[in-house]
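>>> Quick one, structure for this:
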Amino acid sequence: MCAQEFVYPFTLEPHITTLESSRRSTIAAHAARRESYLRHRDDEKERRKRDALRRIAPGFEPQGSVLVPTRTDSGGAEPQAEDSAGPGHRHTKSVMEDLVDQLAALDSRGQA
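Below you'll find the model as predicted:
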C-alpha cells in the first residue's frame, strides 16, 4: 500500500448534503425577507408621497380622475382692491401685506 492513497469516507455525504440544503433554505429565507422589506419601503415612499400631495391638494388621487377645483366662500376674507390700471388687472397682495391688513382690522375693532 502506498502512503499517497486516500480513502474517501462516505459517511460525510449526508452531512454535506444536509448543510447544503440548510444553506439554500437560509438564503431563500433571507431573499424573501429582503424582498418584503424593499416592497414595504417602496409602499411607504408612495404613501408619504400621496400624503404630501393630499396636503397640497386635498382629495387628489394619482390614479384617479382629474381634480376639479370648487369655489368656497371664506368668511373673513375681504375682496382685493382693484388697481387703477383697469378692471382686468388686479393688485395681488403678498402674504405679509394681508397679515398687516388683518392685524390693523383687529386693532381698529379693539379700539372702537
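>>> Roughly how far does P58 sit from S22?
Noted for P58: a distance of 53 Å to S22, by C-beta to C-beta, to the nearest Å. No exception for glycine: its C-beta is placed from N, CA and C like everyone else's.
>>> just so I have it, where are all the helices in the protein?
Listed in chain order, the helices of the chain (DSSP state H) span 13-56, 95-111.
>>> Which one of those helices lies nearest to Q63?
Between Q63 and these, the shortest separation by C-beta to C-beta is 9.9 Å, and it involves helix 13-56.
>>> Could you name the helices and strands sitting against the closest one?
The criterion is 3 or more C-beta pairs under 8 Å, 6 or more residues apart in numbering; DSSP states H and E, and there are no helices or strands that helix 13-56 contacts.
>>> any idea how far that helix is from the chain center?
20 Å (C-alpha atoms, centre = their mean, to the nearest Å).
>>> Equivalent analysis for stretch 6-26, please.
That offset, for stretch 6-26, works out to 48 Å (C-alpha atoms, centre = their mean).
>>> Only C-alpha atoms, please: export that stretch in CSV.
Extracted C-alpha coordinates of stretch 6-26, given in CSV (Å, rounded to 0.1, in the frame of the first residue of the first chain):
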residue,chain,number,x,y,z
PHE,A,6,-6.7,8.4,0.1
VAL,A,7,-9.9,6.6,1.1
TYR,A,8,-13.0,8.7,0.8
PRO,A,9,-15.2,8.5,3.9
PHE,A,10,-18.7,8.1,2.5
THR,A,11,-20.1,8.9,6.0
LEU,A,12,-19.5,12.6,5.3
GLU,A,13,-22.0,12.8,2.4
PRO,A,14,-25.3,13.1,4.3
HIS,A,15,-23.7,15.8,6.5
ILE,A,16,-22.6,17.8,3.4
THR,A,17,-25.9,17.5,1.7
THR,A,18,-27.8,18.5,4.9
LEU,A,19,-25.6,21.5,5.3
GLU,A,20,-26.1,22.5,1.6
SER,A,21,-29.9,22.2,1.8
SER,A,22,-29.9,24.2,5.1
ARG,A,23,-27.7,26.9,3.5
ARG,A,24,-30.0,27.1,0.5
SER,A,25,-33.2,27.4,2.6
THR,A,26,-31.5,30.1,4.7
